[in-house]
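A.B. asks: Need coordinates for the below:
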Amino acid sequence: MNIEQMNRDIHRAKQIEAGLLAQEILDGAREDISASVQELTALVDQGRQAKEDLILAHLGLVAVIARQAARLRRVPFSDLFQEGCVALHHAVLRYDWRKGPFGPYAGMWIRSAVRKNNHHVWVPIEHIEVEDVASSSTYDKVDTRHGLTRALEQIPPSQSRILRMRAGWDGHPRTRKDIAEELGLTVAKVRHLERVGLESVKQHWELAEAA
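C.D. replies: Got it, this is the predicted structure:
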């Protein structure tokens, strides 16, 4: 188990928790006179950044589970990766750092989401052996914060933007319909750009792993 990674996850989770509490105070849902509005706002901003960092730090786990499940079930990697990203976002929002490391918890959410994808015949995801923390060699090679960012920078901005919005990099995953309305595109166009973008990102990852 990578203790350093686990400690970073816990620190981020604490920041997320503090940010949510600060937001409740600002919204009037809680009373608190010990902190100024400026201090509370800073906590909210830190919490949002911590949420994005925690998601980014574990996108490699989504990729590993989605890639192996895609091979077993002959399902498009992009479909499973998309499901896994949404599940990761939910895991971040529901994680309680007092109850254990984030990696195994996130893995449970991701596997569950991948399992429920009914595009093809189901194969038990429990048969996929993936370590849930950064001690996994595949996970290490992905190097998500830098590797994924570099991969996204190498694909067209239109595709990169949609992938970020779908994965909820700003803390709010969007549906294809939401993205279509926001960007003035058709849902079919958003779906096409998303699929092409995911395949391009996958290729960049595989090239990096082969290097």
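A.B. asks: shaky segments in this protein?
C.D. replies: In the predicted model, the chain carries pLDDT under 70 at residues 1, 32-33, 117-149, 168-172, 202, 204-211.
A.B. asks: Let me know how buried Glu194 is, in neighbour terms.
C.D. replies: Glu194: 19 surrounding residues under other Cβ atoms under 10 Å. Yep, even glycine has a C-beta here, placed from its N, CA and C like the rest.
A.B. asks: and the residue lying closest to Ile65 once chain neighbours are set aside, what helix or strand is that in?
C.D. replies: Leaving aside its sequence neighbours, Ile65 sits nearest to Ile110 (Cβ to Cβ, 6 or more residues apart in numbering; 5.1 Å). Element membership for Ile110 (DSSP states H and E) is helix 102-116.
A.B. asks: And that helix, what does it pack against?
C.D. replies: helix 3-27, helix 59-73, helix 77-94 (3 or more Cβ pairs under 8 Å, 6 or more residues apart in numbering; DSSP states H and E).
A.B. asks: The second one packs against which elements?
C.D. replies: Contacts defined by 3+ Cβ pairs under 8 Å, 6+ apart place helix 59-73 against helix 77-94, helix 102-116, helix 137-142, helix 144-153, helix 187-210.
A.B. asks: In TSV: the ones you listed, plus distance to Gln15.
C.D. replies: As requested, those are exported to TSV (distance: least, Cβ to Cβ, whole Å):
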stretch	distance to Gln15
helix 77-94	12
helix 102-116	13
helix 137-142	23
helix 144-153	16
helix 187-210	27
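A.B. asks: Looking at the ones you listed, spot the one closest to Ile25.
C.D. replies: helix 77-94 (18.8 Å; Cβ to Cβ).
A.B. asks: What helices and strands are in contact with the closest one?
C.D. replies: Helix 77-94 packs on helix 37-57, helix 59-73, helix 102-116, helix 157-167, helix 187-210, going by 3+ Cβ pairs under 8 Å, 6+ apart.
A.B. asks: Sort out which residues of the second one are buried, please.
C.D. replies: Of all the residues in helix 59-73, those buried under the rule 16 or more other Cβ atoms under 10 Å are 59-70, 72-73.
A.B. asks: tilt between that helix and helix 157-167?
C.D. replies: Calculated by axes from the mean of the first three to the mean of the last three Cα atoms, to 10 degrees, helix 59-73 forms an angle of 90 degrees with helix 157-167.
A.B. asks: The third one too?
C.D. replies: The directions of helix 102-116 and helix 157-167 differ by 100 degrees, with the same axes, to 10 degrees as the criterion.
A.B. asks: which parts of helix 102-116 are buried?
C.D. replies: In helix 102-116, counting by 16+ other Cβ under 10 Å, buried: Phe102, Gly103, Tyr105, Ala106, Gly107, Trp109, Ile110, Arg111, Ala113, Val114, Arg115.
A.B. asks: Now render those residues as a markdown table, adding distance to Gln46.
C.D. replies: Shown next, in a markdown table, are the buried residues of helix 102-116 (distance: Cβ to Cβ, whole Å):
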| residue | distance to Gln46 |
| --- | --- |
| Phe102 | 18 |
| Gly103 | 22 |
| Tyr105 | 22 |
| Ala106 | 21 |
| Gly107 | 26 |
| Trp109 | 24 |
| Ile110 | 26 |
| Arg111 | 30 |
| Ala113 | 28 |
| Val114 | 31 |
| Arg115 | 34 |
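A.B. asks: before we move on, the earlier item: out of the helices and strands packed on helix 77-94, which gets nearest to Asn7?
C.D. replies: Across the helices and strands packed on helix 77-94, closest to Asn7 is helix 102-116 (Cβ to Cβ), at 10.6 Å.
A.B. asks: Thanks a lot, catch you later.
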